[in-house]
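# 3D, please:
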Amino acid sequence: MKRPYIFALIGSNIAYSKSKEVFEAVFKIKNGVSGTFEIHSVAPSDFKTKLFDFKSDGTKGISVTIPYKSEIIQYLDDIDPVAHALQAVNCVVVEKGRLLGFNTDYYGFSLPLKQYNPKLKHGRAAIIGCGGAARAVIYSLFLDFEIRDFTVVGRSMEKLDDLKQILENRFNKINLNTTIDRGYLNPEEAYNITVNCTPLGGWNHIDENPLGENYDWKSTKIYYDLNYNSDNKIIKAARDAGVVAVDGSAMLVGQALRAFDIWTGQMVSFEPVYREVFMN
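Numbers count the residues shown, from 1 in each chain. This is a model prediction of the structure:
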């Protein structure tokens, strides 16, 4: 048996993460592979130091989550074309003292949506949030479901402008409307899918509504929340309104398995890992 792998997740206020359980399931299911996966919740002032510690402590792969998916790029030795296009990294290979960045979020995001392709193709999308995850979501919807028309709602016009510039430089035929007003999402502007790419409604913000208190569910066919907490009130409200609602659990597993492949060169089946983590 090969030497055990050491993997890690770095982010801020991420004690809730199930990434550790995902990789424990991988090590349980994948014969001949063993290792550890540790969660490191670090403050911005400690981020660079912790990142460079990974270079020398035997860590093979690093998952990156909020709020560091864009910040990390300045410390990497190289990034792959997708991560470069999105200016967002959620997966890092540690190789001979070098840090190599990738993006696997776009891959994980699309997995649970494939069955809804007829509802999505050539449609319109509303995106809540404008960080690295939002860029990966737009990338996936553009390439995998041929959506060209997006409304993106954020809290910072500067970050919205950055997102718009990055993606319009990547895709010539994309239409990105940006706004800081959540009330802009109304039934007169119907969407095939609305995606929450913010922590609102998740573990640390359970009572905060990413859509605004007066949101009309008639304005969307599918609601996708990247959070995967079981007590998500917005997911429940969507289902109560008869809207197809998808949480981020499949995305979590999908992007992790793609990262495992990048780190080790080995594939692991999605279904047994998902069942182990979310259905047992």
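
# so what's the residue lying closest to residue 225 once chain neighbours are set aside up against?
Counting by CB to CB, 6 or more residues apart in numbering, residue 225 lies nearest to residue 196, which is 4.5 Å off, once chain neighbours are set aside. In this view, the C-beta of every residue, glycine as well, is placed from N, C-alpha and C. Residues counted as contacts of residue 196 (CB atoms under 8 Å, 6 or more residues apart in numbering) are 128, 129, 210, 211, 223, 224, 225, 226, 227, 234.

# so which strand or helix has residue 33?
Counting by DSSP states H and E, no helix or strand carries residue 33.

# surely it meets residue 3?
No: taking contacts as CB atoms under 8 Å, residue 33 lies outside contact range of residue 3: 10.8 Å.

# can you list residues touching both of those two?
By CB under 8 Å, 6+ apart, no residue touches both residue 33 and residue 3.

# who's more crowded, these two?
The neighbour comparison of residue 33 against residue 3 (other CB atoms under 10 Å) goes to residue 33, with 17 against 9.

# Leaving out sequence neighbours, find the closest residue to the more buried one.
Closest residue to residue 33 apart from its sequence neighbours, by CB to CB, 6+ apart: residue 27 at 6.1 Å.

# so what's that neighbour up against?
Here residue 27 is in contact with 33, 34, 35 (CB under 8 Å, 6+ apart).

# One more: residue 137?
For residue 137, the contact set (CB under 8 Å, 6+ apart) comprises 105, 106, 109, 127, 195, 197, 226.

# Now, those residues that are in helices?
105, 106, 109 (DSSP state H).

# For the stretch 151-280 of the chain, just list every one of the helices.
With helices called from DSSP state H, counting those that start in this stretch, the stretch 151-280 of the chain shows them at 157-170, 233-240, 249-264, 270-274.

# Make a markdown table from the ones you listed and add mean pLDDT and mean neighbour count to it.
Formatted as a markdown table, the helices of the stretch 151-280 of the chain follow (pLDDT from 0 to 100; neighbours: other CB atoms under 10 Å):
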| stretch | mean pLDDT | mean neighbour count |
| --- | --- | --- |
| helix 157-170 | 93 | 16 |
| helix 233-240 | 96 | 17 |
| helix 249-264 | 97 | 23 |
| helix 270-274 | 97 | 16 |
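
# need these in TSV with distance to residue 217, can you?
Output for those, formatted as TSV (distance: least, CB to CB, whole Å):
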stretch	distance to residue 217
helix 157-170	25
helix 233-240	6
helix 249-264	21
helix 270-274	27
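
# For residue 9, find the nearest of the ones you listed.
Each of the helices of the stretch 151-280 of the chain was scored for nearness to residue 9 using CB to CB, and the closest is helix 249-264 (9.4 Å).

# residues in contact with that closest one?
The contact list for helix 249-264 (CB under 8 Å, 6+ apart) reads 5, 7, 18-19, 22-23, 26, 33, 60-61, 63, 90-91, 93, 102, 104-105, 107-109, 111-112, 226, 228, 266-268, 270, 273-274, 277-278.
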